[in-house]
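*Asks:* Provide a 3D model corresponding to the input given below.
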Amino acid sequence: MDGSEKITIINQDNTEIEAEIVTYLNSKDNMNQYLVYTKGENQPNGDVIIYISRIKEEDDITKLEEIVDDEEWKDVQKLLKEIANA
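*Replies:* Numbers count the residues shown, from 1 in each chain. This is a model prediction of the structure:
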């Protein structure tokens with residue numbers, strides 16, 4: 001990872017992972033914000049692996065939630081495609 005903005009993610013088992021922020025996304029209705037990040041991993045073909053999580057504020061703590069709803073995931077994929085084609 002280079003000089004980009006970094007965050008520390010604490011997993012449910014309290015292990016810390018350093019990640020690099022790629023970008024933030026907002027849903028079309030502005031109800032959800034998403035974090036796109038990487039942990040510096042690459043696919044066998046060299047492509048960087050990215051992760052996307054929903055950002056949730058709870059009791060003054062920022063949490064990342066997995067996207068499990070298929071419709072929400074499709075919406076997020078559309079947002080990514082819009083950025084890629086901009």
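*Asks:* in the chain, where is pLDDT below threshold?
*Replies:* Under the criterion pLDDT under 70, the flagged ranges of the chain are 1-3.
*Asks:* mind jotting down where the strands sit in it?
*Replies:* Secondary structure of the chain (DSSP state E): strands at 6-10, 16-26, 33-38, 51-58, 61-65.
*Asks:* which among the ones you listed is found nearest to Lys81?
*Replies:* For Lys81, the closest of the strands of the chain is strand 16-26, at 11.2 Å, according to Cβ to Cβ. The way it works is simple: take the backbone N, C-alpha and C, and place the C-beta from them, glycine included.
*Asks:* between that closest one and strand 6-10, how many degrees?
*Replies:* Between the axes of strand 16-26 and strand 6-10, defined by axes from the mean of the first three to the mean of the last three Cα atoms, to 10 degrees, the angle is 110 degrees.
*Asks:* would you mark the buried spots in strand 16-26?
*Replies:* Buried residues in strand 16-26, counted by 16 or more other Cβ atoms under 10 Å: Ala19, Glu20, Val22, Leu25.
*Asks:* gap between Ile9 and Gln77?
*Replies:* 22 Å (Cβ to Cβ, to the nearest Å).
*Asks:* pick out whichever of these two has more residues nearby.
*Replies:* Taking neighbours as other Cβ atoms under 10 Å, Ile9 and Gln77 compare with Ile9 leading, 16 against 12.
*Asks:* contacting residues around the residue nearest to the more buried one when sequence neighbours are not counted?
*Replies:* Nearest-residue entry for Ile9: Ile17, 4.7 Å, with adjacent residues in sequence omitted and distances by Cβ to Cβ, 6 or more residues apart in numbering. Residues in contact with Ile17 (Cβ atoms under 8 Å, 6 or more residues apart in numbering) are Thr8, Ile9, Ile10, Asn11, Lys39.
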